[in-house]
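Participant: predicted coordinates and the sequence they were generated for:
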Amino acid sequence: AGFIFGSVGFVSGVHSWYVKIDGTPSNVRIGYCRSSDPEQTSNSWHFEFPNTLSERSKQETCSVRVEDKDVVGIHLDLFCGKLDFYKNNLYIGSLQNVNGKVYPFVYFPFSAHNVTIS
């Protein structure tokens, strides 16, 4: 398993970043968490590949599936408490109620994934 955790947390502002994963991105998670352990779903807001939005401990399946070589955009607006996700610049969905100090993260259960973050 692999885990990338941002060293800088955010409490305000607007922040965006992009993730591209080469390989079948099953169970890969990208988003923001309150602690250094995104396995604790009560502390995170994330998109789990291929098509699940998770707001803390609540999950919702979205109609868009992310696949090999897709680029996922993550747009955090802490003024509104909103986290938007995009697939190849097309809107996937949003999570609400993002608050507190949050850190960007990527979690991938298999070491065979090649992850590009920009």
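Facilitator: Thanks, I have the structure now.
Participant: going forward, measure contacts between C-alpha atoms and count neighbours the same way
Facilitator: Noted.
Participant: tally of neighbours for the residue nearest to S35 when sequence neighbours are not counted?
Facilitator: Nearest residue to S35 in three dimensions, chain neighbours excluded: N43, at 6.7 Å (C-alpha to C-alpha, 6 or more residues apart in numbering). N43: 19 surrounding residues under other C-alpha atoms under 10 Å.
Participant: gap between N43 and V102?
Facilitator: Per C-alpha to C-alpha, to the nearest Å, N43 is found 9 Å from V102.
Participant: overlap in contacts, the two.
Facilitator: Residues touching both N43 and V102 (C-alpha atoms under 8 Å, 6 or more residues apart in numbering): C33, R34, S35.
Participant: for the lengthiest strand in the chain, packing partners?
Facilitator: Assignment by DSSP state E gives strand 14-22 as the longest strand of the chain. Here strand 14-22 touches strand 71-77, strand 114-117, going by 3 or more C-alpha pairs under 8 Å, 6 or more residues apart in numbering; DSSP states H and E.
Participant: what does the helix or strand that the longest one is followed by contact?
Facilitator: Secondary structure here is assigned by DSSP states H and E; on that basis, the next helix or strand after strand 71-77 toward the C-terminus is strand 82-87. Outside strand 82-87, the residues that touch it by C-alpha under 8 Å, 6+ apart are 45, 47, 66, 70-77, 91-98.
Participant: name the strands paired with strand 82-87 and say parallel or antiparallel.
Facilitator: If you go by DSSP bridges, strand 82-87 pairs up with strand 71-77 (antiparallel), strand 90-95 (antiparallel).
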